[in-house]
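**Student:** Here is a sequence together with a model predicted from it:
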Amino acid sequence: MKAIGVVGLPASGKGEFSKIAEGIGIPVVVMGDVIRNAVKKAGLPPTDENLGAMANRLRAERGMDAIAYLCVDAIKERNAPLVLVDGIRGDAEVRVFRKQFPGFHLVAIETSFPKRLERLRERKRSDDVGSAEGLLTRDKRELGWGLGHALKMADIRINNNGTLEEFTARVTELIRGMERGA
């Protein structure tokens, strides 16, 4: 089994990357689902504030690699030649996946701040922030989890400042290449 991970700042295109992978038959494990499920279990609404607080709490209680360890079984259960891990937020998580899945590849999605802010305003997810200040706050929180270090650890980089069609073509080509090598 081969696993690839996707890392990027908020609204960089990790979710789109996952949709593209699913569209070509690659199973996806979304790390954020662990957080969303914990928030739901706690009876809280899925706001950015609640999701961030839960992520901080899990990491404080179990370590910076807690979310990754909570995803390892889900990845293995997919029992597929290639599985995508969406939403890596720190270098500790990358180390877990590299240890658990030899040959693990990390893909960084790079997108400008203005483009990410524009996307947040358009997608209107319950945990999205709509202001530059809110996005800076969210970036700062996630960088505090080691996101900047994880971005530096990437094996592959994809620029996502262009059109969705351009991004889809690059991601599809990348995944097809990894499938052939899986």
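**Tutor:** Everything's here; your move. Residues are numbered from 1 along each chain as shown.
**Student:** Only C-alpha atoms from now on, for both contacts and neighbour counts.
**Tutor:** Will do.
**Student:** for the residue nearest the centre of the chain, what are its contacts?
**Tutor:** The residue lying closest to the centre of the chain (CA atoms, centre = their mean) is residue 87, at 1.4 Å. Residue 87 is in contact with 5-8, 14, 30-32, counting by CA atoms under 8 Å, 6 or more residues apart in numbering.
**Student:** Following element in sequence after the helix or strand containing it, please.
**Tutor:** Residue 87 is part of strand 82-88, with elements assigned from DSSP states H and E. Per DSSP H and E, the first helix or strand lying C-terminal to strand 82-88 is helix 91-100.
**Student:** now that next one against strand 82-88, angle please.
**Tutor:** If you take axes from the mean of the first three to the mean of the last three CA atoms, to 10 degrees, helix 91-100 sits at 160 degrees to strand 82-88.
**Student:** Return the set of buried residues in helix 91-100.
**Tutor:** Neighbour counts over helix 91-100 (16 or more other CA atoms under 10 Å) mark 91-98 as buried.
**Student:** Need those in a markdown table (columns: distance to residue 52 and pLDDT).
**Tutor:** Listed next are the buried residues of helix 91-100 as a markdown table, based on distance: CA to CA, whole Å; pLDDT from 0 to 100:
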| residue | distance to residue 52 | pLDDT |
| --- | --- | --- |
| 91 | 18 | 93 |
| 92 | 17 | 93 |
| 93 | 17 | 94 |
| 94 | 19 | 96 |
| 95 | 22 | 96 |
| 96 | 21 | 96 |
| 97 | 22 | 97 |
| 98 | 25 | 97 |
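**Student:** on that earlier part again, for the contacts of residue 87, give me TSV that also has pLDDT.
**Tutor:** Shown next, in TSV, are those (pLDDT from 0 to 100):
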residue	pLDDT
5	97
6	96
7	95
8	95
14	92
30	92
31	90
32	88
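**Student:** just these now: which is nearest residue 133?
**Tutor:** Here the nearest of the contacts of residue 87 to residue 133, counting by CA to CA, is residue 8; it sits at 18.4 Å.
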